[in-house]
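K.L.:
Sequence and computational prediction follow.
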Amino acid sequence: MRILQTVSVKQILTETSKNNLLEKFKHNKQQLKKECDQLLFEMRKMERTRKMVSGSLKSQFDKEIDIRKEKVKLIEFQMEQLEILPLGSELHDQEVQAIIDVQVGDNWDEINNGKTIVVKDGIVTEIRER
């Protein structure tokens, strides 16, 4: 029988992966700022065309802008933490699904323990039993 199991993927921090992560963070931060600007633009546009924006509509715009501003703060925090981390640190990257063969007589605890895949600069360097 085959079952699906979640496998953790960890990335070893190198100079290359650190730079790639910083670029990704910067891109996401810039995208969120663009979305905030677009929401502000749309809100002002509605104020001009309708002459009066309902309170609930304005509060919805404000809520969406605040959500994005919180995400920007989180990204800034992640960037600060990334700068502090030493090279060689392991970062949780993602989780993937794997197909595991299960046979009668297999040790369930070993199967259920799961595995971790360690990646360094895009190359799998290790597969660990948890």
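P.N.:
That came in fine, so what should we check first? Numbering: from 1, shown residues only.

K.L.:
Following element in sequence after the helix or strand residue 23 falls within, please.
P.N.:
Using DSSP states H and E, residue 23 maps to helix 15-50. The helix or strand immediately downstream of helix 15-50 is helix 55-84, counting by DSSP H and E.

K.L.:
Extract the C-alpha trace of the helix or strand of the chain with the lowest mean pLDDT and format it as PDB.
P.N.:
Lowest by mean pLDDT, DSSP states H and E among the helices and strands of the chain is helix 108-113, with a mean of 85. Provided in PDB are the C-alpha atoms of helix 108-113 (Å, rounded to 0.1, in the frame of the first residue of the first chain):
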ATOM      1  CA  TRP A 108       4.700   2.300  11.900                       C
ATOM      2  CA  ASP A 109       6.700   4.600  14.200                       C
ATOM      3  CA  GLU A 110       9.600   4.700  11.700                       C
ATOM      4  CA  ILE A 111       7.200   5.300   8.800                       C
ATOM      5  CA  ASN A 112       5.200   7.900  10.700                       C
ATOM      6  CA  ASN A 113       8.300   9.800  11.900                       C
END
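
K.L.:
quick check, distance from the helix holding residue 23 to the centre of its chain.
P.N.:
The gap between where helix 15-50 is centred and where its chain is centred comes out at 16 Å by Cα atoms, centre = their mean, to the nearest Å.

K.L.:
Now do it against helix 55-84, angle only.
P.N.:
Interaxial angle, helix 15-50 versus helix 55-84 (axes from the mean of the first three to the mean of the last three Cα atoms, to 10 degrees): 170 degrees.

K.L.:
Pull out the buried positions in helix 15-50.
P.N.:
Burial within helix 15-50, assessed by neighbour count using 16 or more other Cβ atoms under 10 Å, is assigned to 17, 18, 21, 25, 29, 32, 35, 36, 39, 43, 46. Every residue, glycine included, has its C-beta placed from N, CA and C.

K.L.:
Hmm, the first one is touching residue 93, no?
P.N.:
No. Applying Cβ atoms under 8 Å, one finds residue 17 not in contact with residue 93, separated by 9.3 Å.
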